[in-house]
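**Q** Attaching a predicted model along with its sequence, questions to come.
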Amino acid sequence: MKIVSDMTALLTGMWITWQHIFRRPVTIQYPEEKRTPYPRYRARIVLTRDPDGGERCVACQLCSAACPVDCISMQSAEAADGRRYAAWFRINFSRCIFCGLCAEACPTLAIQMTPDFEICKRDIMELLYEKEDLLIDGCGKSHDYNFYRHAGIGVTQPRGAGPKEKPPVDVRGLLP
Amino acid sequence: MPKLIIDSISVEVADGTTVLEAAQSVDIPIPHFCWHPALGKAGACRVCAVKLVDGPVKGIQMSCMLPAQDGMVVSTTDPEAVAMRRHVIEWLMINHPHDCPVCDAGGECQLQEFTIAGGHGIRRYTGSKRTHVNQDLGPFIAHEMNRCIQCYRCVRFYQEYAGGTDFGVMGSAGKVYFGRFQDGQLESPFSGNLVDLCPTGVFTDKTARFRARYWDYEMAPSVCQGCSLGCNTTPVARYRELLKTTARQNKAVNGWFICDRGRFANNEVNDPQRPRTPLVDNRESSRDEALDALLLRIAQIEEQYGTGSIAIVGSPRLALEGALLLPLLAQCCSAGALCYFTSQEESDTTLFLTGLLSAERSASQQDVRKSDCIVICGCDPLQEAPMLALAVRQAWRNGGVVYVIGDGIDLPCTFTTVASLDAVPLADAKQPVLICSAANRPDLLAATLKQQTHLKLAVLFPEANSFGAAQLAMAQGAISLERAVASGTIKGIISVEADIPPQLLAGIPFVAALDWRLTEAVRTAQVFLPTTAWVEMDGTAINHEGRAQRFKKVMHPGLPLRGLGPAVHPPHIHRSTPPGGDPQPAWQIVALIIAGLSGERIAEPFSERWKRLRELEAESEGVMTHDL
């Protein structure tokens, strides 16, 4: 009997509708109401500092190489103490797709994703974030890593004084 | 001719070829650090291990040390050989620091490549790493000894190939150190090649320190414009700045290397003072305004002083494309003189020496390297064309004898000083080469050349396209600017990348200049049009032996991003051309002037006998232009 099955389908649908009318709504009234995103949410990118307060970014260009939309550009430079740093660092957030490949590629844990997704601007040029907009005063998600402690090039400590390093070789020594 | 089988591919190679080279000849890559085609083998790195399955030798062998023999069956993919290579890489990485992000070789590092290819990813060794103290090796080369993997390439090149004495290897066992006895600039004029040779980041280019990564480089095959040898290079640019120059292989010309003079020559192209905007009476204007002004002034000069009062001046550093259009330009503005050289003396000697250089006579750098008797006649290759001195050293290393006529000449090899050409046993030599320069008394050479028919000649001209300019000057009956000005009829000069001394410009009412350097002619010019440097255009240059070589455009012209004022970051401005992006190749501007004068549009500078150069490939060995 076709009419019976049609009625059943109609009433089942109506039943589900009525059930939902008395449930608590799941819609959040954004922006009056806000949800807390998870800590590993991928939104606005920041540049972090190492535990000693120095800039973590060494401008090695791995993030810009990994970026599928080419929204990162930078220029590296050398400080007086031999530290390599970013002279300027630019992320074009109007182009960024928040895929997180840059943070994954970063060998010094400098570039990190934050849960702050509210970065809409009326003027698109304001979405060009320069280094001063990106750099934060903190370590982000990793509290104890300082790349230069392990690099062996003598920036944060004299050469050969880092963890798991032998003191510099005496080239003129005759001992084996 | 031994015949062997490598990875199931049968190969026949010449006697004395190593298994590594035999494998490379059939495109089977075998990782290697210490072996280099120009330096040969050292057996130091142990990373080229292969397994010999059958034949006269069996088991794991170093392919770079093993001469190919008949009946060898080689496997590069045998599990035992792969494991050996993986372990060697792991062992090389034991002391290698964790600093790839701050290393300039990162991205162009053979150690990085072979580590990844070998599959070593996780460090198993838990001991400490060896460290070294670096040296200050001068303004051009940065030293980071922690990264060294002891392949000995640097010292083999520096001491054996280039004859340097101030750099070497010290220490023993795990403490081996490659450096100078004391801090100081490397003395060899070929020291920059250490950067190209080092398979990792021990030696990096200090002039391009921390500027860019390999994957961001703008690169193209190019030809050095430092002297007339035409060594092949690959310049590297980024953000409209010429960062560095690396050597490019051309077996007939420079082999694998270039000299420091050609390598560290970026400043002129990047110079913030470089004229990049068209000027009319020292007022900035657009290209079209400047072109209109130039056409108007040409007409005015002709009206005022009559036809034949304008001189078109090219130069030996102007690329062949531009030089070829100058006769047409001279015709269009009924010029009184067409000049490719400014000084009469340079014109005379260059034309004479070019006349001596037939296809059989001219010696390439490869001919010099192969020669058994070299005579250097009154010139100093180490000063005028350093790579030729390096070629002379290779001939000497292979048993050739070097004779020098003249005083105060230094060479990176031992030589015999003789009084004149008669004292040299040229008749007994198999492949003798005579090296001279335009500063010589060429009349003395002609007689010797007539007697010794097998004697080859290498002439050191001052500029990259001297030979081409001389060929054109001969064909067009051009005179020197000195003579043209002395005649008194010249009232206007159109200088196309010419270096004109101030005294020749002094009494001339109208000067127009096309150039990319800030020359005297540019300073005095009433109309100036900027041209591109060789790295900013496609062009052709004919080197000292008559070999035409193509160079390709590496980067767009424009003010380097680094020179754009005091702002911390590049400006947030959209524009279609970069600031300072007006320069055009000289031949295109000449073509525009010709179009303005006669209405004839030229899209292709190569015509008639030069047609063959249209298809010239930059990656080729070049084309000899004697018989075009």
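**A** That came in fine, so what should we check first?
**Q** Who are the packing partners of the helix or strand where residue B:594 lies?
**A** Per DSSP states H and E: residue B:594 is located in helix B:586-598. If contacts are counted by 3 or more Cβ pairs under 8 Å, 6 or more residues apart in numbering or on different chains; DSSP states H and E, helix B:586-598 sits against helix B:287-305, helix B:320-332, strand B:492-496, strand B:510-515. Bear in mind the C-beta positions are built from the backbone N, C-alpha and C, glycine included.
**Q** near chain B, which residues of chain A show up?
**A** Residues of chain A lying near chain B by Cβ under 8 Å from any Cβ of the partner chain: A:58-62, A:64-65, A:75-78, A:84, A:87-88, A:90, A:107-108, A:125, A:128, A:130-132, A:147, A:150-153, A:159-160, A:164-173, A:176.
**Q** Please tell me how far the strand of greatest length in chain A is from the chain's geometric centre.
**A** Identified as the longest strand of chain A according to DSSP state E is strand A:84-92. Relative to the centre of its chain, strand A:84-92 is centred 15 Å away, using Cα atoms, centre = their mean, to the nearest Å.
**Q** Flag every buried residue along the helix or strand just after that strand.
**A** Toward the C-terminus, strand A:84-92 is succeeded by helix A:101-105 as the next helix or strand (DSSP H and E). Neighbour counts over helix A:101-105 (16 or more other Cβ atoms under 10 Å in any protein chain shown) mark A:101-103, A:105 as buried.
**Q** now stretch B:572-592
**A** B:578-592.
**Q** so which of the residues you listed comes closest to residue B:498?
**A** residue B:586 (10.5 Å; Cβ to Cβ).
**Q** What backbone torsions are found at residue B:408?
**A** phi 70, psi 20 (degrees, to the nearest 10).
**Q** how about it, what does it touch?
**A** Shown in contact with residue B:408 (Cβ atoms under 8 Å, 6 or more residues apart in numbering or on different chains): residue B:380.
**Q** How much space separates it from chain A?
**A** Using Cβ to the nearest Cβ, to the nearest Å, we find residue B:408 at a distance of 37 Å from chain A.
**Q** hang on, the earlier thing: please list the members of the residues of chain A next to chain B that lie in helices.
**A** A:62, A:64-65, A:131-132, A:147, A:150-151 (DSSP state H).
**Q** Let me know the closest of these to chain B.
**A** residue A:151 (4.2 Å; Cβ to the nearest Cβ).
**Q** how many neighbours does that closest one have?
**A** Neighbourhood size, residue A:151 [other Cβ atoms under 10 Å in any protein chain shown]: 23.
**Q** list the contacts for it?
**A** Counting by Cβ under 8 Å, 6+ apart, residue A:151 has contacts A:162, B:97-99, B:101-102.
**Q** rewinding a little: need the buried ones from the residues of chain A next to chain B selected in PyMOL.
**A** If you want just the buried ones from the residues of chain A next to chain B in PyMOL, going by 16+ other Cβ under 10 Å, the selection is:
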select buried, chain A and resi 58+59+60+61+62+64+65+75+76+77+84+88+90+107+108+128+130+131+147+150+151+152+153+159+160+165+168+169+171
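**Q** following the lengthiest helix in chain A, which helix or strand comes up?
**A** Across chain A, the longest stretch assigned as helix under DSSP H is helix A:2-21. The helix or strand immediately downstream of helix A:2-21 is strand A:45-47, counting by DSSP H and E.
**Q** so where's chain A uncertain?
**A** Residues of chain A meeting the criterion pLDDT under 70: none.
**Q** what is the mean pLDDT for the helix or strand containing residue B:485?
**A** Using DSSP H and E, the element containing residue B:485 is helix B:481-486. Across helix B:481-486, the average pLDDT comes to 94.
**Q** Who are the packing partners of it?
**A** By 3+ Cβ pairs under 8 Å, 6+ apart, helix B:481-486 packs against strand B:310-313, strand B:337-339, helix B:502-505.
**Q** ok, residue 70 - contacts?
**A** All of this refers to chain A. A:64, A:95 are the contacts of residue A:70 under Cβ under 8 Å, 6+ apart.
**Q** could you do chain B instead?
**A** Shown in contact with residue B:70 (Cβ under 8 Å, 6+ apart): B:2-4, B:55-56.
**Q** Of the helices and strands packed on helix B:481-486, which stretch is the most buried?
**A** strand B:310-313 (a mean of 29; mean count of other Cβ atoms under 10 Å in any protein chain shown).
**Q** How far off centre is that strand?
**A** 31 Å.
**Q** what do you get for stretch B:153-173?
**A** So, by Cα atoms, centre = their mean, the centroid of stretch B:153-173 is 24 Å from its chain's centroid.
**Q** Over to stretch B:450-468?
**A** Worked out by Cα atoms, centre = their mean, stretch B:450-468 lies 19 Å from the chain centre.
**Q** So for the closest residue to residue B:326 other than its chain neighbours, what's the pLDDT?
**A** Spatial nearest neighbour of residue B:326, excluding adjacent residues (Cβ to Cβ, 6 or more residues apart in numbering or on different chains): residue B:314 at 4.8 Å. Listed pLDDT for residue B:314 reads 96.
**Q** Likewise for the one 3 residues further on?
**A** The per-residue pLDDT reported for residue B:317 equals 95.
**Q** so what's the nearest residue to it once chain neighbours are set aside up against?
**A** Of all residues not flanking residue B:317 in the chain, residue B:463 sits nearest, at 4.4 Å (Cβ to Cβ, 6+ apart). Residue B:463 makes contact with B:225, B:227-228, B:315-317, B:469, according to Cβ under 8 Å, 6+ apart.
**Q** Can I take it that residue B:463 is in a strand?
**A** No: going by DSSP: H, G, I helix; E, B strand; the rest coil, the assignment for residue B:463 is coil, not a strand.
**Q** Isn't residue B:64 up against residue B:22?
**A** No: checked against Cβ atoms under 8 Å, the pair residue B:64 and residue B:22 is beyond contact range at 11.0 Å.
**Q** isn't residue B:86 right up against residue B:118?
**A** Yes: using Cβ under 8 Å, residue B:86 makes contact with residue B:118 at a distance of 4.7 Å.
**Q** For the stretch 401-550 of chain B, which segments count as helices?
**A** B:443-451, B:466-476, B:481-486, B:502-505, B:520-524 (DSSP state H, counting those that start in this stretch).
**Q** for chain A, what are the nearby residues on chain B?
**A** Counting by Cβ under 8 Å from any Cβ, chain B sits next to chain A at B:97-102, B:106, B:126-134, B:144, B:146, B:170-175, B:177, B:179, B:209-213, B:215-216, B:239, B:561-562, B:568-570, B:572.
**Q** Among the residues you listed, which ones are in helices?
**A** Using DSSP H, none of those sit in helices.
**Q** in chain B, which helix or strand is least confident?
**A** Within chain B, no helix or strand scores below helix B:443-451, which has a mean of 77 by mean pLDDT, DSSP states H and E.
**Q** Next, the residue nearest to residue B:326: phi, psi?
**A** Here residue B:314 shows phi and psi, under degrees, to the nearest 10, equal to phi -100, psi -170.
**Q** which residues touch it?
**A** With Cβ under 8 Å, 6+ apart, residue B:314 has these contacts: B:322-323, B:326, B:338-340, B:469, B:472, B:496-498.
**Q** same check, this time on residue B:540
**A** B:319-321, B:468, B:548-551, B:613, B:616 are the contacts of residue B:540 under Cβ under 8 Å, 6+ apart.
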